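In: here's my sequence, what's the structure:
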Amino acid sequence: MDDCNLEKLGIKPGKIAPAFKQDVLEYSATVQSSVAEVTLDLLTRDSGASYTISGSGGSKKVPVKEGAVTDIKIEVCADDGKTTKTYIIKVKRLSASDATLSNLKVDAGIITPEFSPDVYEYSCLLACNTSKLLVTPTAPDPKNAVTVGGDKPGSPSSLNVGSTNIEIEVTSEDGSKKQKYNLCVTRKQLPRHVKITDPALAMQFEDPISLSTLYQPITIRNSDPKHTFSAPIIDELTKTSKFDPINDMPLESDWRIEDVELDKKMSGATACIPLTYGGASEICPLSEIGAQVAKCNVPPKVEDAKDKFKDVNAPVKHKVEQRKWEKNLQQVFGETSADKLISDAKEELKNYFAALPKPNQNRSWPDGESPTDYLQQATYCYASALKIKPKDPTLHLQLGMLLEENYYIEDMFGLKKESHDDMPSLNLQAAESSKDEECAAICKLHGVEATAPLPLQLKAIDMEYHGLIQAGQSAKADHVMELFQWKSKQATQEGAAAQKAGDEESPLGQAFLKYMDALTCDEAKALFNFHVGRMLVVQGKYDEAVKRLETSLNWNVNHQLSRLVMMMTQLLKSQAESHLNTLHFISARFYLGLALALKKEGPGARVKEAVTYLLEAFETLMTDRTKQAMSPTPESYIEPILRAENLMQPTNVHLMRGFIQLGRLLQKNTDIKDAMSPQDIFHNAALLATQMLPFISRGDMYKQLEWVILDAHANLLDILASSQAGNEKLIVQRCQRLSALIFHSTIPQNDQLLALQEKTCQQLIQITPCSSHSLYLLGTSQFSRFENTPPGEEANKLLGDVKSSFQASIDLEGKPASGDIPESPQERVLQGSNLGPQLDGEGLLVGGHLQGLLGVGEHLLQLRQGAEAPAARGAPAGRGGAAAKPGAKGPAPAEAPKEEPKAEVPKVDASKPVASNLGPAPINRKSYLPRLGLARAHKSANEVQDAKRFYNEVITMSPETHLFSFLPQGVLEKYVKILEEKFKNETLRQVYAGVNGRSVDDQEMQQFFKFKCWI
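Out: This next block holds a predicted model:
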C-alpha cells in the first residue's frame, strides 16, 4: 500500500549514471547535440503505484535544451495516495559548439588532479624506464574531433627523457570551438650517471651542478651564454637567492623557462651507462636508455671473509654508568614492566614514522603530535625500561638509535622539540649555545666580532690559549683548547657530526655512549661492535674504527643487521639466494673500507680490499636507487625505519664520502681492474649528492653533501687538467662552475674553500688570460681571502691584489677574450706581481695556500686531511702564536682524513698562459660586477671617494637592482639582523623586496612583512 519505489529507470537514447538502484534518487546523463528529446523507460515496483514526469505533458517523452542541463523529476505516489518519492535525472544535452572531454586516461601512472572536464592542466609521473605512453581521451559526443599530440588517438606517444608536454585538442561538432588539454608527463630521473657518446653534446647537455645529463632542463631567461640547469637543483638554489648561480646576475621575475625543446633534443642523443665493475650498457638513444637501467644491476662482488679477522683483538675499555642526562630521560613513572614500556615505545615509533613530513608537506602538527613529540616519548619509554633492566645490551642499543635519530631529524628536517620548564627535552642546543657564547666572548677580547669568518675566530681563540699558557693558567688554557677543537670542527668536511659525536651534551654523542654501553654488556655481539665502529668513523678516529669493525666481522662473518637483511632481500629477491649472505654485513664492510681509505697513512697494502668493500656498497645503493626509479610513485626518502638501521641510503653522507674516496683510490691505483673509472665514480657521487639537496634542510648534512659535490668537481677538474690538450673548453666551463659552486655554498668560509676558490680561478686564467670574467672571479676569490685575513701588512698587500684584478677585468671590457695580453694591470696579475701566492721550484705556491696550477682536488684533499699547508696571510703557521711552555698541553688540531701519496702535479709557470684551443673569442662585455668588487675593495681600504665613484657606476649601469641584492646570503642575513635590532623596518622592507625582485606592495611580500612584524 505504501510502496513508492521504482523497479526500473532509464532513458533512451543515453545512459544514466550511476546504475539504477531504488534507493538512489539522483542520476545524470549526457546526450548528443542532435537529440532533441529523451524517452523515459521506467516501471513502478507496485502495480498500484502511479507516477508523473515533469515537463512531459503526460507522456514519457521530455524535450531537452541544447547546451544545457534539463532536470527531469519523476514523482512516484504509492497506492495509499499519501506516500511519495521523487527521482531526478539531470540530462545534459551537448551543444554543437561544445569542445570538452568527458574523460582522460593513461595506460601507466596516474594523472593529477583527478580528471574534470573544466580543468585543462594535468601531470603524470612515470618510472624512468617508461619511454612511451598511451593517452586515451574521451569526448562526450563521438562527432567531436579529438587529437593527441596532433594525431588521432590510439597510438602511444614517445616520451622525452625528462618532461614531455602532450597536447590533447578537442574540436566541437560544428567546428566553431577548440579546447586544449595539456598533460605534462615526467619520467623519474635516471638513477645512474649517463655518458653521452658525442663529447660536444655531452658538454652541451651537462648540468652545471651535478655534472650529469640535464634533467627537466630549466633555462634562465636572457642568459647569454645560455645557462641551463636541471629543474630540481635550480629550484633548490633559487629558494632564497634570486641570482643566476653561474654569473651572479639577478634573475628576472619570469626567469624560469621550461626548456622542453632542449629536453626533446637531448632525448635523441646516443648514450650508455657505465657499470660498477667495468664496461658499459648498450648504446641507445637517451630516451630509451631507461630500458637498460635494470640490466645494469649486478650482484656485488664479495670475497670469502671466513677467518680473515680471526686474530683481531680490540678490548673494550669502558664503564657502564647511569649519567645525569640519562636519568632525566626516565620520565615514565609507575610502570614496572620493561616489556610494557618497550611495547609502548614501539607504538610511539609507529606514530613517529607516520608523522614525518613528506615532500612539500606543510610542517605543522597539533600540539603533542609532531614527529619530535612521538620520538621523545619513545625515548622516555626505552630510558625508563633501562632503569628496570640496566644490563640489557639491546635496550642500550635501542636507546642509542633513538638518540641518534633525534640528531638526524633535527638536521635533515629542521625539526626541534620545544622544551618546557617542567619537562626535560632532547633539544640540547642550550649547552652548545653556551660554547658559542664563550667563543664569542674570547673573540671580542681580541677584537674579533662573533660574526667574523671562522679562521679569524679560531686565531683569536688560539691567541687566548697561548696567553693563558704564558700566564701559567694551564687549567683555563685546557678549557680554551677544548673550545678551539670544538669550534675548529665546524670548518672540516666531517662537519658538526664529528663535533657532536664526541660531545656528551649532544644526542649524537649520547648515542655513541649508549652503543659503548651495549658493547660493554656484550663484547661478542657483532652488531654492537659495528655501531661503535661506524661512530668512530663519524668522529674521524679511523684507526680505532678499523679495529672495531674488524672485530665486528670477526664475531659474525655473516653480520646480521636485521633491517638491512630485509631491505636487501626485497632488493634482490629475484637473484640467487647465495648472494644474500654476503649482503648481510655489507654495511660493516663499507665502513671498514672507508676507514681504511681515510687513515692517515692510507690503506697501504689493503687498497684492493678497501676498493672491494666500497664497490660493494656503491652497487648496493645503485641497485636500490634503480628499484625506486623504476617505480612510478614519488620518492620521499622517508621509510618506517630508524636511520641507524638503514644506512644504505643516499642521505648517509659517509656513504657519499666513501664514493669520493673510491674514485681517488681508483685514480691512484690504475692496476685495479674490473671497476668503474674514477671519472664515472665522481660523476655518480655528484649526481647522488645533488639529488638529495632539495629533500633536506640546510643543516650540517646539507653542508657535507655540498662538500661531496665540491670534491667531485675538483677531482674531475684534476683529471681533465692532467691531459689538458683538447679539453680547454671543458676545463674553462668546469672552472667557472666550480668557482660559482664555492661562492654559493652554505659552508662557512674557511681556508680550504678559499684555497680551492683561488686555485680554480688561477687555473681558469691560465687558459683564458684575456677574459674579463675570469679576472673578476680571481678578484672575488682574493677579496674573500682578504676578508679572512687579520688586519696588517699582508692584508693590505692582498687588498692591492684584489684591486688590480678587478681593474684588470674592467680594462679588458670591449676587447677580445683571447689573444695577446695587452700592457695593463692584468699583465702584472698574470705575471705574478699582484697574483698573491707564487710558484716555487717545486711547483708550490710561495707564501700561500695553493700547490701548482693543476691538482685542484688533490690539494683540497691534502688540506682537508690535515696536511701541513702554508698559513694564510697574516695568520700564524699551523696554529701559530707564542710557543707553549715545556710539558704544557696544547690544542691539537681535529683529527682529519689521511694524506694520500701525492700524485705528480704538472708544473705551470704562472707568467706564461697556457695555449688554448677555444675557437673564436667573444668580446668581453661591460659589467657592473667588477666595479662593485672594486667599490667594496676601495671601501675596505677607507678610500671613500674612489668607493663612491664605483658605486655610482654600478647604480648607473644597473639602476633596477638594489645594491644589497649583491651581498652573499650570509652577509645579508647579518645586515638584516642589525637592521632588526635598530627597528629599521622601512629599510628592511626595501631590502627584502629588492632581493626578491618584487615591489614592496606585493601581496606575498606584505604577508611576509606582517609575519616578521615589520609593518
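In: ok, the nearest residue to residue 83 once chain neighbours are set aside - contacts?
Out: Distance criterion Cβ to Cβ, 6 or more residues apart in numbering; nearest residue to residue 83, sequence neighbours excluded, is residue 2 at 4.3 Å. Yep, even glycine has a C-beta here, placed from its N, CA and C like the rest. Counting by Cβ atoms under 8 Å, 6 or more residues apart in numbering, residue 2 touches 78, 79, 80, 82, 83.
In: and if we set it to 10 Å?
Out: By Cβ atoms under 10 Å, 6 or more residues apart in numbering, residue 2 lies in contact with 46, 49, 78, 79, 80, 81, 82, 83, 84.
In: using PyMOL, define a selection of the buried residues within the residues you listed.
Out: For the buried members of the contacts of residue 2, the matching PyMOL selection, counting by 16 or more other Cβ atoms under 10 Å, is:
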select buried, resi 46+49+78+79
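In: in helices, which of the contacts of residue 2 appear?
Out: Assigned to helices by DSSP state H, none of the contacts of residue 2 qualify.
In: tell me how many other residues crowd residue 748.
Out: By the criterion of other Cβ atoms under 10 Å, residue 748 has 14 neighbours.
In: same check on residue 327?
Out: A count of neighbours around residue 327, defined by other Cβ under 10 Å, yields 12.
In: how much space separates it from residue 387?
Out: Distance of residue 327 to residue 387, given as Cβ to Cβ, to the nearest Å: 8 Å.
In: before we move on, back to that, most widely separated two among the contacts of residue 2?
Out: Farthest-apart pair in these is 46 and 82; separation 13.6 Å (Cβ to Cβ).
In: would you mark the buried spots in stretch 930-946?
Out: With burial defined by 16+ other Cβ under 10 Å, the residues of stretch 930-946 counted as buried are 930-938, 940-941, 943, 946.
In: now the element after the one helix or strand residue 444 maps to, going C-ward?
Out: Here residue 444 sits within helix 429-445, counting by DSSP states H and E. Next helix or strand after helix 429-445 toward the C-terminus (DSSP H and E): helix 454-470.
In: please report how far residue 711 lies from residue 377.
Out: Per Cβ to Cβ, residue 711 is found 40 Å from residue 377.
In: which of those two has more residues huddled nearby?
Out: Set side by side, residue 711 and residue 377 show more neighbours around residue 711, with 27 against 19, by other Cβ under 10 Å.
In: three-state assignment of residue 180?
Out: Recorded secondary structure, residue 180: strand (DSSP: H, G, I helix; E, B strand; the rest coil).
In: er, residue 183 I mean
Out: Three-state assignment for residue 183 (three-state DSSP): strand.
In: any idea how far it lies from residue 958?
Out: 41 Å.
In: hmm, back to that, in TSV: the contacts of residue 2, plus pLDDT and distance to residue 702.
Out: Shown next, in TSV, are these (pLDDT from 0 to 100; distance: Cβ to Cβ, whole Å):
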residue	pLDDT	distance to residue 702
46	90	73
49	91	73
78	91	72
79	89	77
80	88	76
81	86	77
82	88	74
83	92	70
84	93	68
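In: re earlier: of the buried residues of stretch 930-946, which belong to helices?
Out: Mapping these onto helices (DSSP H) picks out 930, 931, 932, 933, 934, 935, 936, 937, 938, 940, 946.
In: confidence score at the fifth one?
Out: Same thing as residue 934. pLDDT recorded at residue 934 is 92.
In: ok, the residue lying closest to it once chain neighbours are set aside - contacts?
Out: Once flanking residues are discounted, residue 934 sits nearest to residue 806: 4.2 Å by Cβ to Cβ, 6+ apart. Going by Cβ under 10 Å, 6+ apart, residue 806 touches 775-776, 778-780, 782-783, 825, 929-938, 950.
In: please, where are all the helices along the stretch 551-700 of the chain?
Out: Counting by DSSP state H, counting those that start in this stretch, the stretch 551-700 of the chain has helices at residues 562-571, 580-583, 586-598, 607-629, 653-668, 678-692, 700-721.
In: on that earlier part again, more crowded one of residue 183 and residue 958?
Out: The neighbour comparison of residue 183 against residue 958 (other Cβ under 10 Å) goes to residue 183, with 23 against 19.
In: residue contacts, the more buried one?
Out: Residues near residue 183 by Cβ under 10 Å, 6+ apart: 104, 106, 111, 120-124, 133, 135, 137, 148-149, 157, 164-168.
In: which of the residues you listed are buried?
Out: In the contacts of residue 183, the ones that pass as buried (16+ other Cβ under 10 Å) are 104, 106, 111, 122, 124, 133, 135, 137, 148-149, 157, 164, 166, 168.
In: how about low-confidence regions in the stretch 551-700 of the chain?
Out: Counting by pLDDT under 70, the stretch 551-700 of the chain shows low-confidence ranges at 556-585, 636-637.
In: let's see it at 50
Out: In the predicted model of the stretch 551-700 of the chain, residues 558-584 satisfy pLDDT under 50.
In: over to the chain?
Out: Within the chain, the segments meeting pLDDT under 50 span 420-425, 427-430, 558-584, 824-826, 828, 831-916, 962, 965-971.
In: residue 211 in helix, strand or coil?
Out: Following three-state DSSP, the label given to residue 211 is coil.
In: could you do residue 72 as well?
Out: Assigned with three-state DSSP, residue 72 falls in the strand class.
In: quick one, what contacts the nearest residue to it once chain neighbours are set aside?
Out: The shortest distance from residue 72 to any residue other than its chain neighbours is 4.6 Å, reached at residue 89 (Cβ to Cβ, 6+ apart). Residues counted as contacts of residue 89 (Cβ under 10 Å, 6+ apart) are 9-11, 14, 16-17, 26-29, 38, 40, 42, 53, 62, 70-74.
In: repeat for residue 293
Out: Per Cβ under 10 Å, 6+ apart, neighbours of residue 293: 127-129, 190-192, 194, 273, 281, 622, 625-627, 629-630.
In: hang on, it in a strand?
Out: No. Residue 293 is assigned helix when assessed by three-state DSSP, not a strand.
In: roughly how far does it sit from residue 685?
Out: Applying Cβ to Cβ, the value for residue 293 to residue 685 is 18 Å.
In: and of the contacts of residue 293, the nearest to residue 741?
Out: When the contacts of residue 293 are compared for distance to residue 741 (Cβ to Cβ), residue 194 wins out at 21.2 Å.
In: the nearest residue to residue 231 once chain neighbours are set aside and residue 927, how far apart?
Out: With Cβ to Cβ, 6+ apart as the criterion, residue 231 has its nearest non-adjacent residue at 3.8 Å, and that residue is residue 216. Residue 216 is 30 Å from residue 927, where distance means Cβ to Cβ.
In: and what of residue 218?
Out: 23 Å.
In: so for the two, which sits in the more crowded spot?
Out: Neighbours of residue 218 and residue 927, each counted by other Cβ under 10 Å, are more numerous for residue 218; the result is 23 against 20.
In: who's in contact with that one?
Out: For residue 218, the contact set (Cβ under 10 Å, 6+ apart) comprises 227-235, 238, 255-259, 262.
In: which pair in the residues you listed spans the largest distance?
Out: The largest separation in those, counting by Cβ to Cβ, is between 238 and 262 at 18.7 Å.
In: now intersect the contacts of residue 183 with the strands, please.
Out: Mapping those onto strands (DSSP state E) picks out 104, 106, 111, 121-124, 133, 135, 137, 148, 157, 164-168.
In: distance of the residue nearest the centre of the chain from residue 364?
Out: With distances taken as Cα atoms, centre = their mean, the residue of the chain nearest its centroid is residue 693 (0.7 Å). Between residue 693 and residue 364 the computed distance is 23 Å (Cβ to Cβ).
In: can you check residue 806 too?
Out: 47 Å.
In: likewise residue 540?
Out: Distance of residue 540 to residue 364, computed by Cβ to Cβ: 37 Å.
In: which ones are touching residue 547?
Out: Contacts for residue 547 (Cβ under 10 Å, 6+ apart) come out as 309, 312, 313, 314, 315, 529, 533, 536, 592, 595.
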